[in-house]
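1. Any chance you can model this:
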Amino acid sequence: MTAFKTLDDLGDLTGKVALVRVDLNVPMSDGDVTDDTRIRAFKPTVDELSSKGAKVLLLGHFGRPKGEKNSTMSLSMVTGEVEEVLGREVMFIPEIAGDIVSQSLGIMRDGEVGILENSRFWPGEEANDVDFAKAIAANGDLYVNDAFSAAHRAHATTEGLAHLLPAYAGRAMEAELKALSIALDNPVHPVAAVVGGAKVSSKLDVLQHLVTKVDHLIIGGGMANTFLAARGVDVGKSLCEHDLTGTAEAIMDKADESGCTVHLPYDVVVAKEFKANTPSRTVNVHEVEADDMILDLGSAAAESLGDVLKNCRTLVWNGPLGAFETPPFDEATVALAKTAAALTQDGSLTSVAGGGDTVAALAHAGVTKDFSYISTAGGAFLEWMKGKDLPGVAALRG
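-> Model prediction:
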């Protein structure tokens, strides 16, 4: 991985203004933040810049206001939660550039923190307009990107600013990039990848890239049904993209050429309807009936996959193995997650996971703290799994 500057490269910042891109696109309900994970993620960066004497201005977006101001998407809504997490007063500034920002900086003392208004209120943000970026940069002395989750977007605050000011990775961004480098850029082999989720179509590029990088590809979720169908298995009325069986075949052929073993379940959990605690049974994949839905991997398959992980040194995980939100179709995901967690804690496996459903599934299994690294990024994590260079990361490398 090409080198990028971090906060270690910064000395005393007294009198300087740090523009810090963070992820403020937090879940909210009735005006309250329901999960402060993303805010807690950038706290170390803000604390460090503040302790070095910088005036810290936070940049972020919330929702999709499409270039227009919208009071329901103002970052003033999250300022109170940011104050609570940081344990300090935070000034909300209702603009992103210009005189109001410079006047606010005149009021702020060294080490204090402000939040600029939702960057997506201005069309120049998503257009990555250079004049818009220059107007923001005019009030800053350095730029810090601490929002990996937005790094797959080439926007003014995620990419443009990095070309206009000295640019650095924040602590959360630095940790993310190091973890991802260990997992796929320079992994210790054998490497396993777990890829689950509903549809093959949403992860085609991921699968095609991974089979050239990993030794074992474990496919779960609804997408496993498409691969089973490609192998001639009748999957009943299961979720399946029958029009993509040819693509699934091509991916398996590419895996063979690359020396990657694709693991598909040989026993599955089926039910006649999809709802919590509905009657279900475990069957061989060749015993699925016409009115059955495959909703999870069977216990024998889950145990076999656990044995695969015991012979691996690196694991990348994206997506659940079954419909984990609806018991009892969570059992394979939980079982394999616990195996991966135990191997990680033993020191024999480096485990990196990411994506919204994945984070929820691993939290459901109670193993969040036992993996080497869990990324809360969704789109950016998937782009990285495709082997794509992320604009916000590339810009930090200069």
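
2. Could you list the domains of this protein?
-> 7-171, 187-385 (automatic domain parsing).

3. nearest to Ala394, of the ones you listed?
-> Among the domains of the chain, domain 7-171 comes nearest to Ala394, with 8.0 Å by CB to CB. Where you see a C-beta, it was placed from the backbone N, CA and C, and this is true even at glycine.

4. for the closest one, how far is the first residue from the last?
-> Using CA to CA, to the nearest Å, one end of domain 7-171 lies 7 Å from the other.

5. Just checking the distance from it to the centre of its chain.
-> Relative to the chain's own centre, domain 7-171 is displaced by 20 Å; criterion: CA atoms, centre = their mean, to the nearest Å.

6. So for that domain, mean pLDDT?
-> Mean pLDDT, domain 7-171: 96.

7. Tell me where the chain has helices.
-> Secondary structure of the chain (DSSP state H): helices at 37-51, 76-86, 99-107, 123-126, 130-137, 171-180, 204-210, 221-230, 245-258, 299-310, 331-346, 356-364, 379-385, 391-396.

8. quick one, which of those is nearest to Phe371?
-> Judged by CB to CB, the one of the helices of the chain that comes nearest to Phe371 is helix 331-346, at 5.8 Å.

9. got the contact list for that closest one?
-> For helix 331-346, the surrounding residues in contact (CB atoms under 8 Å, 6 or more residues apart in numbering) are 194, 196, 220, 269, 296-299, 301-303, 305-306, 309-310, 315, 317, 320-322, 324, 349-351, 361-362, 364-367, 370-372.

10. re the thing from before, now render the helices of the chain as CSV, adding mean neighbour count and distance to Thr282.
-> Output for these, formatted as CSV (neighbours: other CB atoms under 10 Å; distance: least, CB to CB, whole Å):
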stretch, mean neighbour count, distance to Thr282
helix 37-51, 20, 35
helix 76-86, 19, 45
helix 99-107, 14, 61
helix 123-126, 20, 48
helix 130-137, 19, 56
helix 171-180, 22, 35
helix 204-210, 20, 26
helix 221-230, 25, 15
helix 245-258, 16, 24
helix 299-310, 18, 7
helix 331-346, 21, 10
helix 356-364, 19, 20
helix 379-385, 23, 30
helix 391-396, 22, 43
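
11. would TSV of these with distance to Leu19 be doable?
-> Converted to TSV, the helices of the chain look like this (distance: least, CB to CB, whole Å):
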stretch	distance to Leu19
helix 37-51	10
helix 76-86	16
helix 99-107	10
helix 123-126	14
helix 130-137	7
helix 171-180	14
helix 204-210	32
helix 221-230	40
helix 245-258	42
helix 299-310	42
helix 331-346	36
helix 356-364	27
helix 379-385	20
helix 391-396	13
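
12. Any idea which of the domains of the chain gets closest to Arg397?
-> domain 7-171 (9.1 Å).

13. re the thing from before, of all the helices of the chain, which lies closest to Ser149?
-> The nearest among the helices of the chain, by CB to CB, is helix 379-385 at 5.4 Å.

14. Need the domains of the chain in JSON lines (columns: distance to Ala179).
-> Shown next, in JSON lines, are those (distance: least, CB to CB, whole Å):
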{"stretch": "domain 7-171", "distance to Ala179": "10"}
{"stretch": "domain 187-385", "distance to Ala179": "4"}
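
15. closest to Val144 out of the helices of the chain?
-> The nearest among those, by CB to CB, is helix 37-51 at 6.4 Å.

16. what's next to that closest one, contact-wise?
-> Counting by CB under 8 Å, 6+ apart, residues outside helix 37-51 touching it are 7, 10, 13, 18, 20, 22-26, 33, 56, 58, 78, 81-82, 85-86, 111-113, 144, 146-147, 149, 170-172, 376.

17. Out of the residues you listed, which sit inside strands?
-> 18, 20, 33, 56, 58, 113, 144 (DSSP state E).

18. JSON lines for these, including neighbour count?
-> Putting the ones in strands among the contacts of helix 37-51 into JSON lines (neighbours: other CB atoms under 10 Å) gives the following:
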{"residue": "Ala18", "neighbour count": "28"}
{"residue": "Val20", "neighbour count": "26"}
{"residue": "Val33", "neighbour count": "20"}
{"residue": "Val56", "neighbour count": "28"}
{"residue": "Leu58", "neighbour count": "28"}
{"residue": "Val113", "neighbour count": "23"}
{"residue": "Val144", "neighbour count": "35"}
